[in-house]
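**Student:** Need coordinates for the following:
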Amino acid sequence: MKTLIICSGGLDSVTLAYKIAKEHELVGLISFDYGQRHKKELDFARLCAEQLGTEHSIIDISEVGRFLSGSALTDDVAVPDGHYAEDTMKITVVPNRNAIMLSIAYGVASSRNAAAVATAVHGGDHFIYPDCRPAFTQSFEIMQKHALDGLSDIKLLTPFIDRPKSDIVAEGAKLDVPFADTWSCYKGGDVHCGRCGTCVERREAFDLAGVEDPTLYEDATFWKEACNV
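**Tutor:** The predicted structure is shown next:
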């Protein structure tokens, strides 16, 4: 099945790319510049495409992102420290981000005669990101069937949607995903900060999966405090 993958360059989407490359036919990877402070993740998406020998496209929607204000990812707001399961992490929500990206990806997939679009939303996203939940993805796929009626019949692949991040790490290890060539940190520094929600979740996932974490963190122990380990 010809599949277009939305790839941010993070651990989840890179693992998804390796999984889809094994199980289906890659049409390419598509990434979005929406004005995120951790824009360096796009370099890792490009690297993933190179490693898999497929096309990588970056779509600049930064002008759109400028209007999606109030998020710590796109605005002059501090990225909070702690675990994703904390209410403070809601400041990292970019309103309608996934819905916007998926709409564009579906249009690209249709023009490339792809049969599917794949995205790496997972169970750990459900708490704070409404457009990562099963109800949204199921409804979105139905909406797109109407939007492309008579033009394309494109499936939405979300193989991780009911699985924790530790499962993604475990599967990535089996697929020989180069985890060191992925970027998660929302602060976008020289190395992963180790304190923001996505860093904490990343480090916890490796621990729960029993897989060695090759990531260099500025604070390599904070995750234990955040996760009450």
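**Student:** For the rest of this, base every contact and every neighbour count on C-alpha atoms.
**Tutor:** Will do.
**Student:** per-residue confidence at the closest residue to residue 99 other than its chain neighbours?
**Tutor:** Here the nearest residue to residue 99 in space, its sequence neighbours aside, is residue 131; by CA to CA, 6 or more residues apart in numbering that works out to 6.6 Å. At residue 131, the model reports a pLDDT of 88.
**Student:** these two touch, right, residue 131 and residue 137?
**Tutor:** Yes - under the criterion of CA atoms under 8 Å, residue 131 makes contact with residue 137 at 7.2 Å.
**Student:** The residue nearest to residue 99 - how many residues pack around it?
**Tutor:** 20 (other CA atoms under 10 Å).
**Student:** May I have the residues that are in contact with it?
**Tutor:** Residues counted as contacts of residue 131 (CA atoms under 8 Å, 6 or more residues apart in numbering) are 96, 97, 98, 99, 137.
**Student:** Report the buried members of the residues you listed.
**Tutor:** 97, 98, 99, 137 (16 or more other CA atoms under 10 Å).
**Student:** want to throw the residues you listed into TSV with distance to residue 150?
**Tutor:** Listed next are those as TSV, based on distance: CA to CA, whole Å:
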residue	distance to residue 150
97	27
98	25
99	22
137	21
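**Student:** can you tell me which of these are in helices?
**Tutor:** By the criterion of DSSP state H, membership of those in helices covers 97, 98, 99, 137.
**Student:** what's the closest of the residues you listed to residue 182?
**Tutor:** Distance to residue 182, by CA to CA, is smallest for residue 98 among those, at 19.6 Å.
**Student:** how near is the closest residue to residue 112 other than its chain neighbours to residue 19?
**Tutor:** Nearest-residue entry for residue 112: residue 27, 7.7 Å, with adjacent residues in sequence omitted and distances by CA to CA, 6+ apart. Distance of residue 27 to residue 19, given as CA to CA, to the nearest Å: 14 Å.
**Student:** Tell me which of those two has more neighbours.
**Tutor:** Neighbour count, other CA under 10 Å: between residue 27 and residue 19, residue 27 has more, with 22 against 17.
**Student:** OK, contacts around that one?
**Tutor:** By CA under 8 Å, 6+ apart, the neighbours of residue 27 are 2, 3, 4, 5, 54, 55, 112, 114.
**Student:** now residue 184
**Tutor:** Taking CA under 8 Å, 6+ apart, one finds 9, 10, 11, 41, 192, 198, 199, 202 in contact with residue 184.
**Student:** Any chance of JSON lines for the residues you listed, columns secondary structure?
**Tutor:** What follows is these, written out as JSON lines (DSSP: H, G, I helix; E, B strand; the rest coil):
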{"residue": "9", "secondary structure": "coil"}
{"residue": "10", "secondary structure": "coil"}
{"residue": "11", "secondary structure": "helix"}
{"residue": "41", "secondary structure": "helix"}
{"residue": "192", "secondary structure": "strand"}
{"residue": "198", "secondary structure": "helix"}
{"residue": "199", "secondary structure": "helix"}
{"residue": "202", "secondary structure": "helix"}
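**Student:** Check pLDDT for these and point me to the minimum.
**Tutor:** Minimum pLDDT across the contacts of residue 184 falls on residue 198, with 90.
**Student:** okay, now it: neighbour count?
**Tutor:** Count around residue 198 with other CA under 10 Å applied: 23.
**Student:** That one is in contact with residue 186, isn't it?
**Tutor:** Yes - assessed by CA under 8 Å, residue 198 is found in contact with residue 186 at 6.8 Å.
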